[in-house]
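A.B. asks: Here is my input, please return the structure:
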Amino acid sequence: AVTAGLAARTAFTTGDAEHLPFPDGMFDAVVCECALCTFPDKARAAAEFARVLRPGGRVGITDVTATVQRLPPELTGLTARIACIADARPLDEYTGILGTAGLRTLRTERHDQALTRMIDQIEARLNLLRLTAPAELAAAGLARDDAAGTLTAARRALTDGALGYGLLIAEKPH
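C.D. replies: Take a look at the predicted model:
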């Protein structure tokens, strides 16, 4: 049926987004899931996405979004690096980066509730670790007050719109 036909034509591969080892126009689609915010050279990665897409091909990106200058101090520095926030950009800036690479954004969506669920999961895991492995948690440098303050700051930044999660779909023009 449809699934069998799709499976016969579908292949997945990975690569360094800033230096993709593939020929021009090789792919119908590029997917970048929650990683663009971590790339040191986002413009280079976007140019590589455009290069390996065939005309009419699409790129789908999901990622953390942030207006870094509006983030609370608890969400900057090393903590922000670990949480993939430090170099995240606003959704419209990601759109601009793709546009500069020659990709036309077809759709953007905010999915901030996904980040809320992620914060809830982190909090639940930390609470479980506090109960089951307090010495290991302390040895890892995750003091209770620091972690709670960071999670509270992340929730506040979400509410204030300084932090979020977005989806972008862009196309390489024909």
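A.B. asks: C-alpha from now on. contacts and neighbour counts both.
C.D. replies: OK.
A.B. asks: Name the next helix or strand downstream of the longest helix seen in the chain, please.
C.D. replies: Counting by DSSP state H, the longest helix found in the chain is helix 112-132. Once helix 112-132 ends, the next helix or strand along the chain (criterion: DSSP states H and E) is helix 134-139.
A.B. asks: Restricting to C-alpha, output that next one in PDB.
C.D. replies: What follows is helix 134-139, C-alpha atoms only, in PDB (Å, rounded to 0.1, in the frame of the first residue of the first chain):
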ATOM      1  CA  PRO A 134      20.500  12.700  46.800                       C
ATOM      2  CA  ALA A 135      24.300  12.200  47.200                       C
ATOM      3  CA  GLU A 136      24.800  11.700  43.500                       C
ATOM      4  CA  LEU A 137      22.700  14.700  42.700                       C
ATOM      5  CA  ALA A 138      24.700  16.800  45.000                       C
ATOM      6  CA  ALA A 139      28.000  15.400  43.600                       C
END
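A.B. asks: Report all helices and strands that the longest helix of the chain contacts.
C.D. replies: Helix 112-132 sits against helix 144-160, strand 163-171, with contacts defined as 3 or more CA pairs under 8 Å, 6 or more residues apart in numbering; DSSP states H and E.
A.B. asks: Give the buried residues for that helix.
C.D. replies: D112, L115, T116, I119, E123, L126, R130 (16 or more other CA atoms under 10 Å).
A.B. asks: do the same with stretch 137-154
C.D. replies: Applying a neighbour-count criterion of 16+ other CA under 10 Å, the buried positions in stretch 137-154 are L137, A147, T150, L151, A153, A154.
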